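Peer 1: Would you be able to build a 3D model of this:
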Amino acid sequence: MSSPSELFEGLKVDFREELEAEDIYGSENSEGFERLFERSEKYKRNVTQLSTILQSLIFQENEIETEGELEAIIEYIVGTGLYGQSSSLEAKEFRKKIRASFEYEWHEFQKENSSISSSRAMRTLPYRFSLPSLEKAQLEMLTDLSSRGVSNGSLGTVLLRIWYIDLVGCTCSTLRGFPFDMKASDAILITMERLFLITNFDKSKSQGIMYVFKIQGRKEYVYGDEILINFCYIRDSVTQQREVNVVVEPHEKTLLTDPIFVPSYSYFSKTNDEHHHVFYESESPDEISTGISVWDIEGKLVVKIGENLCNLVFTSERAKEEGVREGDLLYLALLVEVYHGAKLVCRPQMTKWTVCNDLVASNELTTSSSVNWGNETKLTFDMLVSNAPREIKLCISLLATCGERFCSANSLSAEEIVQKAEERIGVKKMEECHLSPVFFLGYASVQIFDYMACMQTGKLDMRLWSTKKKANPMCPIPKNSNKNDMGFSLIFPSFNKPVVIPKVAPPDSKRRDWEQQLLDSDLCLVGNLRESKIEQLRQLKRILASDPLTELTTIDKVLLWKHRGELILRPRALAKFLLAVNWLRPYAVYEAHTILPQWAPLQPMDALELLDIRYVDIVVREHAVKYLNGMTDYELKGCVLQLVQVLKHEPYHDSALFRFLLRRSLQSPHMIGHYVFWYLVSEMENTSVSERYGLLLEELIRRMPERKVYLRQLYLADQLFECAMRVKDAPKKDRIDCLREHLQGLRLPRRFTLPINPAMECSGLDIGKCKVMDSKKFPLWLVFRNYQEEGDPFYVIFKAGDDLRQDLFTLQLLELMDSLWKSCGLYLHIIPYGCITTGEGVGMIEVVLNSDTVANITRKYGGAQAAFREEPLMNWLRQFNRERDEVERCLWNFICSVAGYTVATYVLGIGDRHNDNIMLRQDGTLFHIDFGHFLGNFKTKFGIKRETAPFIFTPMYVYMLGGQSSPIYLYFVDLACHAFNVVRRFGGTLMTHFMLMLSTGIPELQKIEDIGWLRTVLLIDRSSEEAREHYRLQIALATSNFRTLFNDYIHIMTH
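Peer 2: Okay, the predicted model is just below:
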């Protein structure tokens, strides 16, 4: 092979330029580190000044807390500045109602169980994590993987190594095999019959005692009527062909059999408010309401802007960022938009531009200034008030322009300004080549109908949140109560009574309007489509087969509405039908609500689609949540991240989704509750959701038996953040000593679990094995001692300064793909290692042991030039796999894992792929790490792609598979193509998961158009055979891509 320098010269590559580019892109995330640090400093809890009460709660193990201690826990977790200080009336009323609901249900429970105390009734059961029953293909796969079968060979066997203390005090074990379908209780019974003979377990004293299996080294149990193969840890062990080590642990039988009280908050939902849309009454509006029906209001929606904008502040830093020169005049205007969900329902309006004479860019922070609009500005929107749906809201943005840009800005209409703002969403500064005519200084929003379904009337004082973006309809923007922030007044029309939306059928006038619109819309059906029902049904079939991202045309909507009666038997057609509803026509809304209960029941995973931002109607969202109740904990864990995010889309704090998350968290505190807790805590610094998330956290902690477990986890995370900040400021040569010195001074509880996994129970840190990793953000390599002496330690990376939300989401998608493949009988050895965010820019990552990066492996076998060789991976694996069966298993692991990860990274469009974020385990399993770019956001330089391969599949990989003509390589190609087609079948599910994450704020997932990558790469309209051939071509392109080798070479050189 030619030398690298010869290759560079032949390809006209500037070596020095590439090294510089690698260094630039290697630090592309460093810009936000200081911002994250400052923000975390602002919001972090003070762990050095814990109150005596909190110290007692963290370091002692008392079971009962006083009310004062409970309040201290809530205040520490939710935050001193948030708990109990929510200024909004909605939050205060919400808190009262939810507590009343709990007390009502507890009173009803006590009527039937008066002898059970509250602490006993609200206890936590030993943690067990079961999975849904096996699909046929997966059962066959696991049976093949099982070490031995039952006598008839029809099912596989679970191998349990049971540890015990024998009669003379020695630790012993016995290996027992149990059929997949044996109940855990039966396996325990069989085991105990044997142990009663050979151990000190006294059978005569076992009355009132129930025995359970505890997974050795983990806070995880196996018991009850679930069959063995359905326990998560056992199934994973069978899949990986390893023994399951367990110990027998006795528990009081009543602990498992006494009734447990878990509030449903259903009483709360039924008594929510007088005008809540649950069903329609037959009475007339006059009989059910003392207010004015919104349907009787005449005229268009009108809002006035008060005369003054006060407390305006503009810093020199912001002026420099926006290109405002000293002495430039600043011009301001207010932009007001009307949204239903993410849909702009009428043309936006704006005030006239007004010059701010006493506020110019200077070197100092200006004093607060005010802007006078002159007389009240009247904004009239092209929408009748009587047609307004309950969920509609106003989004207000403060616009600014200056100097020479004023002429350009003044020539733009409100619609053009909105369009330009949308175009800038997700654009990075380095890619912007010119300054926009306008920029944004603040935003606010308000629901036109409040939480009691009463329309806003009269004067409403508003405070703007300082921002650089236009108001985002996808996220709630709570009321800003800081009187020192920018403020203005909105003035709505006044009435002598409250204006409400009745919960009755709309009046005849609205029915006639809707019927006329239907007649008019039928005119768009022309030719055969108008005359032939068969042609209409063919078109409907195409509509229903389209992916969730497909925009419905006017004709599509007409056909969906026209044939709604026939579609109700198709569960998946509901999502399309609801997109065809005209939510600005009250009678259409009434008919949609009426038909919902008649629609064929949804599968829980299909109901998720109805919770994205396009479906903001309260009744629709309640309908979707109803079907989520059918999810198992395992299924819910796979989408709880999304559900916490789409809680932002709810118009009000009280929602079916809020109650669902609360209820399921209390039902499953070790699993669902654990992850809901951390997903909430990690976003409490986000002012747009802190009130809503704080309310959920407050009630969750108040009712959760595991609250002290969460308290200790959060205390640990806060302590580690303090440690990371000290390491960051230390000189390079002293960082490890600094880390260990700080860890030595930490006071930790006697036992605690890790945020990354509630089954990881620890007793402290093995400080001598902890270190600072060689990376720009100085992540901490931490080794925690297992609380169970016989258990292995837990290895975790703690990161401060990196946004792990995208990693967390990508790992969740990898786990989803893995489950899809397994359900089809494909085990592709995906490693969705643990990851959790504990705050903004802070989190933990699970270490995958016995592995190394491909870069390090390559470096050991010839340095950077070895990136162009074929044998480094093979040579490294030979060190750990010498026996024939080891070699075969190693090769099998490599084939399957490479097939899985090439498909996964290709479909998700994972960028920044190089040999330092691809790892290889000693058993041959290859896996990817660091998912900072996805959806086709690949590295570029001056607009030129630096990543040109569809995925990473180098000649090293081909060499491992025996060359392109070997049977092993051909098998790999077929396996990868099969895996690709499996993912294609579930393309809609993938798109839905992305849709539900649009409000997260991930830079590369800001708008629906970003998800278009999936539609392109999944070949939605192609056949399976066409997709297979396409993927074969991608494998060939990846293998022959020299740029991949070159990137690997450069990466080794610069690291």
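Peer 1: Okay, domains of this protein per the record?
Peer 2: Following automatic domain parsing, the chain resolves into domains at 1-25+848-1055, 136-257, 285-500, 505-600.
Peer 1: out of those, which comes closest to Ser266?
Peer 2: When these are compared by Cβ to Cβ, domain 505-600 sits nearest Ser266, at 17.4 Å. (Each C-beta comes from the backbone N, C-alpha and C, glycine too.)
Peer 1: Distance from that closest one to the middle of the chain?
Peer 2: With Cα atoms, centre = their mean, to the nearest Å as the basis, domain 505-600 stands 32 Å off its chain's centre.
Peer 1: Can you list the buried residues in stretch 791-800?
Peer 2: For stretch 791-800, a neighbour-count test (16 or more other Cβ atoms under 10 Å) marks 791, 793-800 as buried.
Peer 1: I'd like the distance from it to the chain centre, please.
Peer 2: 22 Å.
Peer 1: Put the alpha carbons of it into CSV.
Peer 2: Extracted C-alpha coordinates of stretch 791-800, given in CSV (Å, rounded to 0.1, in the frame of the first residue of the first chain):
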residue,chain,number,x,y,z
GLY,A,791,-20.9,-8.0,43.7
ASP,A,792,-18.7,-6.3,41.0
PRO,A,793,-18.0,-2.6,41.2
PHE,A,794,-19.8,-0.1,39.1
TYR,A,795,-17.9,2.0,36.5
VAL,A,796,-19.4,5.3,35.6
ILE,A,797,-18.2,8.4,33.6
PHE,A,798,-19.4,11.7,35.1
LYS,A,799,-19.6,14.5,32.6
ALA,A,800,-20.0,18.3,33.2
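Peer 1: Outside of that stretch itself, list whatever touches it.
Peer 2: With contacts defined as Cβ atoms under 8 Å, 6 or more residues apart in numbering, stretch 791-800 is touched by 36-37, 40, 216-218, 720-721, 724-725, 728, 754, 756, 760, 762, 766, 769, 773, 777, 779-786, 841-847, 849.
Peer 1: Need the contact partners of stretch 128-140.
Peer 2: Contacts for stretch 128-140 (Cβ under 8 Å, 6+ apart): 142, 155, 180, 220-224, 226, 229-233, 235, 632-635, 670-671, 759, 822-825.
Peer 1: ok, now stretch 978-988?
Peer 2: With contact meaning Cβ under 8 Å, 6+ apart, stretch 978-988 is reached by 547-548, 609, 817, 820-821, 824, 826, 828, 899-900, 903-904, 906-907, 990, 1014-1015, 1018-1020, 1024, 1027-1028, 1031.
Peer 1: Leu596 touches Val620, doesn't it?
Peer 2: Yes. Using Cβ atoms under 8 Å, Leu596 makes contact with Val620 at a distance of 7.2 Å.
Peer 1: neighbour count winner among those two?
Peer 2: The neighbour comparison of Leu596 against Val620 (other Cβ atoms under 10 Å) goes to Val620, with 24 against 19.
Peer 1: Validate this expectation: that one resides in a helix.
Peer 2: Yes. Assessed by DSSP: H, G, I helix; E, B strand; the rest coil, Val620 belongs to a helix.
Peer 1: now Thr457: how far from Tyr233?
Peer 2: Thr457 sits 58 Å away from Tyr233, going by Cβ to Cβ, to the nearest Å.
Peer 1: returning to what we had before: just the buried ones among the contacts of stretch 128-140, please.
Peer 2: Buried members of the contacts of stretch 128-140, scored by 16+ other Cβ under 10 Å, are 142, 155, 180, 220-224, 226, 229-233, 235, 633, 635, 670-671, 759, 822-825.
Peer 1: Sitting in helices, which of those residues do you find?
Peer 2: Judged by DSSP state H, helices contain the following of the buried ones among the contacts of stretch 128-140: 142, 232-233, 235, 633, 635, 822-823.
Peer 1: quick one: which of these is nearest Ile857?
Peer 2: Lys822 (28.5 Å).
Peer 1: Spit out the contact partners of the closest one.
Peer 2: Counting by Cβ under 8 Å, 6+ apart, Lys822 has contacts 138, 141, 239.
Peer 1: Please repeat the previous calculation with a cut-off of 10 Å.
Peer 2: 134-135, 137-138, 141-142, 235, 239, 828, 830 (Cβ atoms under 10 Å, 6 or more residues apart in numbering).
Peer 1: Check what pLDDT it gets.
Peer 2: We have a pLDDT of 93 for Lys822.
Peer 1: Per-residue pLDDT of the closest residue to Phe59 other than its chain neighbours, please?
Peer 2: Take Phe59 and drop its neighbours on the chain: the residue closest to it by Cβ to Cβ, 6 or more residues apart in numbering is Pro749, 5.6 Å away. On pLDDT, Pro749 comes in at 94.
Peer 1: Can you identify each of the strands in the stretch 301-450 of the chain by residue range?
Peer 2: Secondary structure of the stretch 301-450 of the chain (DSSP state E, counting those that start in this stretch): strands located at 308-312, 329-340, 343-344, 349-350, 354-360, 369-372, 377-384, 393-402, 439-447.
Peer 1: deepest of those strands, which one?
Peer 2: Compared across those, strand 393-402 shows the largest average neighbour count, a mean of 24 (mean count of other Cβ atoms under 10 Å).
Peer 1: re earlier: which ones among the buried residues of stretch 791-800 map onto strands?
Peer 2: 794-800 (DSSP state E).
Peer 1: Throw these into JSON lines and include distance to Lys510 and pLDDT, thanks.
Peer 2: Output for those, formatted as JSON lines (distance: Cβ to Cβ, whole Å; pLDDT from 0 to 100):
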{"residue": "Phe794", "distance to Lys510": "62", "pLDDT": "97"}
{"residue": "Tyr795", "distance to Lys510": "64", "pLDDT": "98"}
{"residue": "Val796", "distance to Lys510": "59", "pLDDT": "98"}
{"residue": "Ile797", "distance to Lys510": "59", "pLDDT": "97"}
{"residue": "Phe798", "distance to Lys510": "59", "pLDDT": "97"}
{"residue": "Lys799", "distance to Lys510": "56", "pLDDT": "94"}
{"residue": "Ala800", "distance to Lys510": "56", "pLDDT": "91"}
